[in-house]
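1. sharing a model that was predicted from the sequence below.
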Amino acid sequence: MKQTIIYFAMAIFTVTSCNNMTENANNSIAVLATDTSKTSIGKSMITQKITPSIWVETTDAKAVADYYLSIFKDGKLKEHHKYTNPPEAGDGNFETAIVEIAGMELSILAAGPFQKFNESVSLVINCKDQEEVDYYWNALTVNGGQESSCGWCKDKYGLSWQVVPVEYFDLINSDDPNVRNKAMNNTLLQKKIILSELK
């Protein structure tokens, strides 16, 4: 476990150092950060070969985990750790968490405002129908989230999502060019995907 923590902290430190060369040591995450968590869920239960990892601009990973678990009702918190930097790294705290949402593990690094999200990476929610689209769209855009266009939105932490009914892909990949063109053209006019307007 100690090796895992050290390797994880080293990876964090490398990313921070590469992106903040001109910052002083107070803004660095230490290689030798120590796990001070009293709420660890237990030994690692990582089951995915590749796990998406997000860096949020807070230091409260539990709050971020609770936020996503409030949206994805079948999810669960798998791990939560608190870390403290040593004095030579400027002290300071950061946290990590792993949640399982919609059957996917998501790793959360809550290490403060050193990295920003952008739309070059997004998570796609494949929805079974319009009702599910409406649910996720509303849940992600309220309380600080933001609507974009063509089924894209951001949650309150700035992470981009695509909320898409699975039938949408049938329409834009139809053998009928009229069906494809109508679906594509009307998508450009929408924020949230309204399936009935694409048919």
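-> Looks like it arrived, so ask away. Numbers count the residues shown, from 1 in each chain.
2. phi, psi for Leu159 please.
-> Main-chain torsions, Leu159, degrees, to the nearest 10: phi -70, psi 130.
3. near it, how many other residues are there?
-> When neighbours are defined as other Cβ atoms under 10 Å, Leu159 has 20 of them. C-beta: built from backbone N, CA, C; applies to glycine.
4. how about it, what does it touch?
-> Leu159 sits next to Ile54, Phe117, Ser122, Leu123 when contact means Cβ atoms under 8 Å, 6 or more residues apart in numbering.
5. so which elements touch the host helix or strand of Lys82?
-> Assigned by DSSP states H and E, Lys82 belongs to strand 76-84. Helices and strands in packing contact with strand 76-84 are listed as helix 2-19, strand 34-35, helix 61-71, strand 93-101; criterion 3 or more Cβ pairs under 8 Å, 6 or more residues apart in numbering; DSSP states H and E.
6. go with 6 Å
-> With contacts defined as 3 or more Cβ pairs under 6 Å, 6 or more residues apart in numbering; DSSP states H and E, the secondary structure elements packing on strand 76-84 are strand 34-35, strand 93-101.
7. could you give the mean pLDDT of that strand?
-> In this model, strand 76-84 has a mean pLDDT of 95.
8. and it with strand 93-101, angle?
-> What separates the directions of strand 76-84 and strand 93-101 is an angle of 170 degrees, with axes from the mean of the first three to the mean of the last three Cα atoms, to 10 degrees.
9. with just CA atoms, put strand 76-84 into CSV.
-> The C-alpha trace of strand 76-84 is given here as CSV (Å, rounded to 0.1, in the frame of the first residue of the first chain):
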residue,chain,number,x,y,z
LYS,A,76,-20.9,3.6,-4.9
LEU,A,77,-17.8,5.1,-3.2
LYS,A,78,-15.0,2.6,-3.5
GLU,A,79,-12.0,4.5,-2.0
HIS,A,80,-11.3,7.8,-0.3
HIS,A,81,-8.0,9.0,1.0
LYS,A,82,-6.7,12.2,2.5
TYR,A,83,-3.0,13.3,2.1
THR,A,84,-0.8,15.9,3.7
